[in-house]
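Visitor: got a structure for you, letters missing:
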């Protein structure tokens, strides 16, 4: 039961990380993944993320597949409205979701039915993060007795950015922040076959590239969260990674990591530990001063500056 609860929480965290990416990098994502649709959207009008509404539309799944979804209402350059359904599907343990296209069809119809009186068009897009290059469920077709229904789904497979040369070049020759999301997802495939130290090193390589790319503080916060979720390491390795990040920020006069919620929380623990250690050392220093131990010896034993030990001694005497 505990394992199921942990798995459920990890899935929720993963979905949340992808949803944060979509909301923060919606326009860059459309540029990189769906350029033809991006060209039709009027981005001078702020996209509306229908987060609360999307729950009522979702038809559910009979399989163990993970998924994150988003419904975004946008204005097109021709003045019309459109709901874009972004559907992110993460396969678990190599299972293929046979109901995938059916769910997208049902999802699409439910949204259309809800907004039809507003004259909203609804299109569905899919992003697949599984590692099977041959699994591409991009069409739903029904034909019977002269009846015909066909839905074609524009689809992006993250693995293509590794397998196709032109896609790899696109990834390397852009400053689009979604490129870091793709690189992180691709690296997570390799990380599955490695130990925790190698995973941590992969995390650090990605994080350092985020910093060196010159993204904004908020962009980096979202990217760091995403990296943390797609490549998981135990707490001990997280703490070591935090130390590397803090050191890097100090060397480059940055202060981005403070807004990374999970790291900020652990950083607070680190400060608390240091504060507790300092109190303990000060207590020892006071005892040594009262016993008349030479101040030079106390300085050497505690590691505190002589000036601080002298001030402490002055207060005691």
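Guide: Yep, it's here. All values reported here derive from a predicted model rather than from experimental measurement.
Visitor: can you pull out the helices in the stretch 101-250 of the chain?
Guide: 160-163, 165-172, 178-191, 196-212, 217-230, 235-251 (DSSP state H, counting those that start in this stretch).
Visitor: worst mean pLDDT among those helices?
Guide: Ranked on mean pLDDT, the bottom entry among the helices of the stretch 101-250 of the chain is helix 235-251, at a mean of 85.
Visitor: okay, the angle between it and helix 196-212?
Guide: 30 degrees (axes from the mean of the first three to the mean of the last three CA atoms, to 10 degrees).
Visitor: now helix 235-251, how far from the chain's geometric center?
Guide: 18 Å (CA atoms, centre = their mean, to the nearest Å).
Visitor: could you check how far the closest residue to residue 57 other than its chain neighbours is from residue 41?
Guide: Excluding the flanking residues, the one nearest residue 57 by CB to CB, 6 or more residues apart in numbering is residue 110, at 4.4 Å. Quick note: C-beta positions are derived from backbone N, CA and C, even for glycine. For residue 110, the distance to residue 41 equals 22 Å [CB to CB, to the nearest Å].
Visitor: please identify which of the two sits among more neighbours.
Guide: The neighbour count for residue 110 versus residue 41, taken as other CB atoms under 10 Å, is higher for residue 41 (20 against 16).
Visitor: what's in contact with stretch 133-153?
Guide: When contacts are defined by CB atoms under 8 Å, 6 or more residues apart in numbering, stretch 133-153 is touched by residues 96-97, 100-102, 104-105, 108, 124-126, 128, 154-155, 157, 159-160, 163.
Visitor: need the pLDDT of residue 96.
Guide: Reported pLDDT for residue 96: 66.
Visitor: could we number from 859 for the rest of this?
Guide: Happy to do that; since the first residue is 859 now, the last one works out to residue 954.
Visitor: ok, for residue 1062, nearest residue in space, not its chain neighbours?
Guide: For residue 1062, the spatially nearest residue (CB to CB, 6+ apart) is residue 1102, at 5.7 Å.
Visitor: ok, the nearest residue to residue 1019 once chain neighbours are set aside to residue 1050 distance?
Guide: Nearest residue to residue 1019, sequence neighbours excluded (CB to CB, 6+ apart): residue 1025, at 4.7 Å. Relative to residue 1050, residue 1025 is positioned 21 Å away (CB to CB).
Visitor: which of these two has more neighbours?
Guide: residue 1025 (18 against 9).
Visitor: still on that earlier bit, the residue nearest to residue 1062 against residue 1063, yeah?
Guide: No. Contact criterion CB atoms under 8 Å: residue 1102 and residue 1063 do not qualify, at 10.9 Å.
Visitor: returning to what we had before: and the helices of the stretch 959-1108 of the chain: which comes nearest residue 936?
Guide: Each of the helices of the stretch 959-1108 of the chain has some distance to residue 936 by CB to CB; the shortest is helix 1036-1049, at 25.6 Å.
Visitor: what residues sit buried inside the closest one?
Guide: 1036, 1037, 1038, 1039, 1040, 1041, 1042, 1043, 1044, 1045, 1046, 1049 (16 or more other CB atoms under 10 Å).
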